[in-house]
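>>> Whatever this is, show me its structure:
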Amino acid sequence: MDNYGTILLVEDDVSLAQWVAEYLTEQGYSTHVCHRGDEVVSQVKTLNPNIVLLDIMLPGQDGISVCRELRSFYNAPIIMLTARDEEMDEVIGLEVGASDYIMKPVRPRALLARIKTALRQSSEPNKSLANESVVNVGSLSINTESRNVKFSEQDVNISSAEYLLLHYLASNAGQVVSRDAVFKATKGREYDGLDRSVDVLISALRKKFNDDPQNPEKIKTIWGRGYLLVSTAW
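Coordinates of the predicted model:
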């Protein structure tokens, strides 16, 4: 069987972890399972997986703090799994460096699609988004090779998900881009009408660039149309 990569699945529900691991193994992935949050870092250092599927609610150490710790040395995709329909989980998960999140109950094909997209973007991070090595909008500078972001000559700490969104918006500065276009460009899939991750990331970017969420000037939400990075506000 072909091996499409190594996955570390972190899930404390043993029966759920078993069938997800079996499904992913059948799809050609070398799948390893971990049931405790405080064992993840050592597992990642040992396995060096291509992607981590990380539950939020875990014994030993919660998924949010695990994700934060992993991001100090691990750059591959991390997809958060959560059973709680709470925006705060999504906000915090994306802010600490999660690449994406998926709600439980897990739908096998949807999970597989997310995995494939995350791995593709990780291995080819710039092909779909970058035609230039540097994108400049006012005092904002984005290096597409190093993924280094500067604002007013200061480095900005930014997650991979935030980078993809910011780069797409900056590449289309001054133009309104639809939610569907953003999803296709940054996530490789169409907007399903429910996923709030782009709104969460927009909110996180506004915080990082001191853009008033009540009256944003740099990144605007154009109701009924999409999003606009205002080229003259940077």
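
>>> So in terms of bridging, what pairs with residue 226?
residue 222 (DSSP bridges).

>>> which residues in the protein form strands?
Assigned by DSSP state E, the strands in the chain fall at 6-10, 30-34, 51-55, 78-82, 100-103, 134-137, 140-143, 149-151, 154-155, 176-177, 219-222, 226-229.

>>> Give me the residue at the spatial middle of the chain.
residue 99 (2.0 Å; CA atoms, centre = their mean).

>>> count of neighbours near the nearest residue to that one once chain neighbours are set aside?
Once flanking residues are discounted, residue 99 sits nearest to residue 77: 4.1 Å by CB to CB, 6 or more residues apart in numbering. C-beta here means a position set from N, CA and C on the backbone, and glycine is covered the same way. Neighbour count of residue 77, defined by other CB atoms under 10 Å: 24.

>>> Roughly how far does the residue nearest to residue 81 when sequence neighbours are not counted sit from residue 174?
Take residue 81 and drop its neighbours on the chain: the residue closest to it by CB to CB, 6+ apart is residue 55, 4.6 Å away. According to CB to CB, to the nearest Å, residue 55 stands 41 Å off from residue 174.

>>> More neighbours: which of the two?
Just comparing residue 55 and residue 174: by other CB under 10 Å the higher neighbour count belongs to residue 55, 23 against 10.

>>> For that one, give its distance to residue 100.
Plainly put, residue 55 is 14 Å away from residue 100 if you go by CB to CB.

>>> which ones are touching residue 57?
12, 63, 82, 83, 84 (CB atoms under 8 Å, 6 or more residues apart in numbering).

>>> By neighbour count, which of those wins?
Most surrounded of those: other CB under 10 Å gives residue 63, at 28 neighbours.

>>> ok, it touching residue 78?
No. In this structure residue 63 lies outside contact range of residue 78 using CB atoms under 8 Å: 9.2 Å.

>>> between those two, what contacts are shared?
In contact with both residue 63 and residue 78: residue 54, using CB under 8 Å, 6+ apart.

>>> In terms of pLDDT, where does the residue nearest to residue 99 sit?
Looking at residue 77, its pLDDT stands at 88.

>>> among the contacts of residue 57, which one has the lowest pLDDT?
residue 84 (62).

>>> Out of the helices and strands in the chain, which is least certain?
Using mean pLDDT, DSSP states H and E, the weakest-scoring helix or strand in the chain turns out to be helix 87-95, at a mean of 63.

>>> Distance check, residue 140 against residue 112.
For residue 140, the distance to residue 112 equals 36 Å [CB to CB].

>>> what sits against the residue nearest to residue 81?
10, 11, 12, 13, 63, 80, 81, 82.

>>> domains for this structure, by residue range?
6-123, 134-233 (automatic domain parsing).

>>> can you list the weak-confidence ranges in the chain?
1-2, 84-93, 95, 123-132, 194 (pLDDT under 70).

>>> With that, I have no additional questions.
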